[in-house]
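> Okay, predicted coordinates and the sequence, questions at the end:
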Amino acid sequence: MLHVSMVCILSSYALSLVFETIRLLRPARWLHVMSILMTVAGLVAHTFFLVSRSMQSNLPPLLGSSYDWFLVLGWVAVAGYLGISVFHRKTPYGILF
């Protein structure tokens with residue numbers, strides 16, 4: 001399985017936040033596209049991280065520990081942000097999440 005660290009996940013989300021912040025100051029389509037791509041990359045890495053933790057503990061993600069609960073909650077929040085951001089292109093919602 002692919003080994004993903006929290007640094008990879010956090011850096012993807014941080015880059016997405018940087019693009020959204022710049023987009024707030026200077027709206028441009030390419031900034032929105034880059035923000036979406038970084039969020040998708042972070043979400044994929046987040047998913048691989050959850051799967052690898054689940055495989056290590058031989059338990060579903062929500063039964064492993066409270067740490068896993070927070071990881072799943074973060075995953076849901078990012079998926080919600082991604083859905084909102086794709087359908088409402090003009091407003092940089094990444095600042096709120």
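Everything's here; your move. Numbers count the residues shown, from 1 in each chain.
> count of residues packed around the residue lying closest to Val86 once chain neighbours are set aside?
Closest residue in space to Val86, ignoring its immediate chain neighbours: Ile36 at 6.6 Å, by C-beta to C-beta, 6 or more residues apart in numbering. For the C-beta atoms, the positions are set from N, CA and C on the backbone; glycine is no exception. When neighbours are counted by other C-beta atoms under 10 Å, Ile36 registers 18.
> For Ile36, list the residues it contacts.
Residues counted as contacts of Ile36 (C-beta atoms under 8 Å, 6 or more residues apart in numbering) are 82, 85-86.
> Leu62: which of the residues you listed is nearest?
Leu82 (20.8 Å; C-beta to C-beta).
> Could you measure from that closest one over to His46?
Distance from Leu82 to His46, counting by C-beta to C-beta, to the nearest Å: 11 Å.
> hmm, back to that, quick check: ChimeraX command selecting the buried ones in the contacts of Ile36.
Buried residues within the contacts of Ile36, by 16 or more other C-beta atoms under 10 Å, are selected in ChimeraX with:
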select :82,85
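> In helices, which of the contacts of Ile36 appear?
Counted as lying in helices by DSSP state H, out of the contacts of Ile36, are 82, 85-86.
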